[in-house]
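**Q** below: sequence and its predicted model.
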Amino acid sequence: MEKVDYKKELKQLYLPSSKEVSVVQVPKQQFIMIDGQGDPNTSKEFREAVEALFSTAYALKFMVKKSETGIDYGVMPLEGLWWSDDMTTFSVGNKSDWKWTLMIMQPEFVTRELFAIALQQVKKKKSLDALSKLRLEAFAEGKAAQILYVGPFSEEGPTIENIHSYIKQNGYRVSGKHHEIYLSDMTKTAPDKLKTIIRQPVK
């Protein structure tokens with residue numbers, strides 16, 4: 001059985017330095033995605049979205065492992081695109097207006113047919129409104145600046161400012177949505193040890 005670790009294969013995207021900002025070219029990838037709105041700390045919609053994503057991602061993993069391909073791959077981390085209609089009000093102090101797209105990257109051999117079967121399997125086991133909102137979609141982010149941040153989400157501000165300063169100082173401009181990749185299990189990791197990739201697309 002072939003084992004694949006996509007975080008290592010795509011280390012330039014998923015294992016960045018925590019000491020300095022780097023610029024990467026993010027290729028087109030496919031993701032299970034779901035859209036929503038509201039404070040991630042208090043929103044039932046957010047919690048159900050996360051559960052639906054991981055339940056479906058693990059169903060796909062085991063389907064592929066048992067298939068003729070026999071590939072055993074690790075489920076990729078949760079990722080989030082964050083924004084608000086008025087970006088001047090987008091701040092950690094007002095999360096109720098936040099809009100988000102949560103997503104988990106999928107290998108290219110995960111087809112729409114497999115995705116549909118996985119959804120049906122999960123629906124038989126769990127009653128989650130979010131399951132009907134999931135989609136499998138390609139996403140091409142392009143050039144982006146990123147850095148690894150270690151610590152609680154509430155203290156990300158200086159790291160985000162660092163990225164934006166780097167972007168401006170190096171002749172780029174911000175393009176696209178604020179992107180975070182959660183390398184740690186939020187339910188089992190102390191806030192000061194959480195590892196999060198902060199990414200900002202640029203032009």
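**A** Yep, that arrived. This is a predicted model, so every value here is computed, not measured.
**Q** which parts of stretch 36-48 are buried?
**A** Residues 36, 38, 40, 43, 45, 46, 48 are the ones in stretch 36-48 that count as buried (16 or more other Cβ atoms under 10 Å). Every residue, glycine included, has its C-beta placed from N, CA and C.
**Q** no no, stretch 54-72
**A** Those would be 55, 56, 57, 59, 60, 61, 64, for stretch 54-72 by 16+ other Cβ under 10 Å.
**Q** quick check: mean pLDDT of it?
**A** For stretch 54-72, mean pLDDT rounds to 94.
**Q** just the CA trace of stretch 170-185, in CSV.
**A** Extracted C-alpha coordinates of stretch 170-185, given in CSV (Å, rounded to 0.1, in the frame of the first residue of the first chain):
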residue,chain,number,x,y,z
ASN,A,170,8.6,44.4,-1.6
GLY,A,171,6.5,46.1,-4.3
TYR,A,172,3.4,43.9,-4.0
ARG,A,173,-0.2,44.7,-3.2
VAL,A,174,-2.8,42.7,-1.3
SER,A,175,-5.1,40.7,-3.6
GLY,A,176,-7.7,38.2,-2.4
LYS,A,177,-8.9,37.0,0.9
HIS,A,178,-7.1,36.6,4.2
HIS,A,179,-6.2,32.9,4.4
GLU,A,180,-5.4,30.8,7.4
ILE,A,181,-4.3,27.1,7.6
TYR,A,182,-4.7,25.4,11.0
LEU,A,183,-2.0,22.8,11.5
SER,A,184,-3.0,22.1,15.1
ASP,A,185,-6.1,20.3,16.5
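**Q** flag every buried residue along it.
**A** Within stretch 170-185, the residues scored as buried using 16+ other Cβ under 10 Å are 172, 174, 176, 177, 178, 179, 180, 181, 182, 183, 184.
**Q** tell me which two in those are the farthest apart.
**A** 172 and 184 (28.3 Å; Cβ to Cβ).
**Q** from the buried residues of stretch 54-72, pick the one nearest residue 167.
**A** Nearest to residue 167, judged by Cβ to Cβ, of the buried residues of stretch 54-72 is residue 57 at 31.2 Å.
**Q** since that was my last question, I'll sign off now.
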